[in-house]
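J.: show me how the following folds:
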Amino acid sequence: MARVRCLTEMGMGVDVHGRDATKAAKRAVSDAIRHSSIGFFRMMGKTAHDMFVDVTIAVPNPGDVDTAAVAKELPYGTITVTAIAGGLEIPSDRGADPILIANAAVIVSLDDGKPA
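T.: Numbering: from 1, shown residues only. The predicted structure follows:
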């Protein structure tokens, strides 16, 4: 089986208070998919459940992301979420409550049905 990339979406999410990497990551995924409606599955004899969805989340502290919670933002497919170092943390003017920004890349692919 070989996967064929069908869609790439990018998004950004922010947690303004609380430095919650999971909350920012979920918002980034929501931002990435909010305007997408994938309708080409029928043309390929597939359904939305046949897609593979690979999500990469970039935040300053990737260990703080609950990847299972982020995966629940996506309604269909076989979902993989990976958190990596990146994103941005903007210090507060008082130093105790930074703004955390997460970036998301959501890549949708399908099995092309051909032997590998």
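J.: can we go C-alpha only for contacts and neighbour counts from here?
T.: Fine.
J.: is the residue sitting furthest away from the middle of the chain in a helix, a strand, or coil?
T.: The C-alpha centroid of the chain is most remote from residue 94, which lies 31.0 Å away (CA atoms, centre = their mean). For residue 94, the assignment made with DSSP: H, G, I helix; E, B strand; the rest coil gives coil.
J.: cool, the one 10 residues further on as well?
T.: In terms of secondary structure, residue 104 is strand; the call rests on three-state DSSP.
J.: which residues are in contact with it?
T.: Residues in contact with residue 104 (CA atoms under 8 Å, 6 or more residues apart in numbering) are 10, 11, 12, 25, 28, 29, 32, 55, 56, 57, 58.
J.: need these in TSV with secondary structure, neighbour count and distance to residue 44, can you?
T.: Formatted as TSV, the contacts of residue 104 follow (DSSP: H, G, I helix; E, B strand; the rest coil; neighbours: other CA atoms under 10 Å; distance: CA to CA, whole Å):
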residue	secondary structure	neighbour count	distance to residue 44
10	strand	17	24
11	strand	20	27
12	strand	21	31
25	helix	35	31
28	helix	27	29
29	helix	27	26
32	helix	20	24
55	strand	24	23
56	strand	20	26
57	strand	29	29
58	strand	24	32
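J.: kindly indicate which of the residues you listed lies nearest residue 109.
T.: The shortest approach to residue 109 among these belongs to residue 55, at 11.4 Å (CA to CA).
J.: what residues are up against that closest one?
T.: Here residue 55 is in contact with 79, 80, 81, 82, 104, 105, 106, 107 (CA under 8 Å, 6+ apart).
J.: who's it bridged to?
T.: Beta-bridge partners for residue 55, by DSSP bridges, are residue 81, residue 106.
J.: residue ranges with poor pLDDT in the chain?
T.: For the chain, the stretches with pLDDT under 70 are 116.
J.: how about the strands in it?
T.: Under the criterion DSSP state E, the chain contains strands at 3-15, 52-59, 78-85, 88-90, 99-111.
J.: among these, which is nearest residue 69?
T.: strand 78-85 (9.6 Å).
J.: packing partners of the closest one?
T.: Applying 3 or more CA pairs under 8 Å, 6 or more residues apart in numbering; DSSP states H and E, one finds that strand 78-85 makes contact with strand 52-59, helix 67-71.
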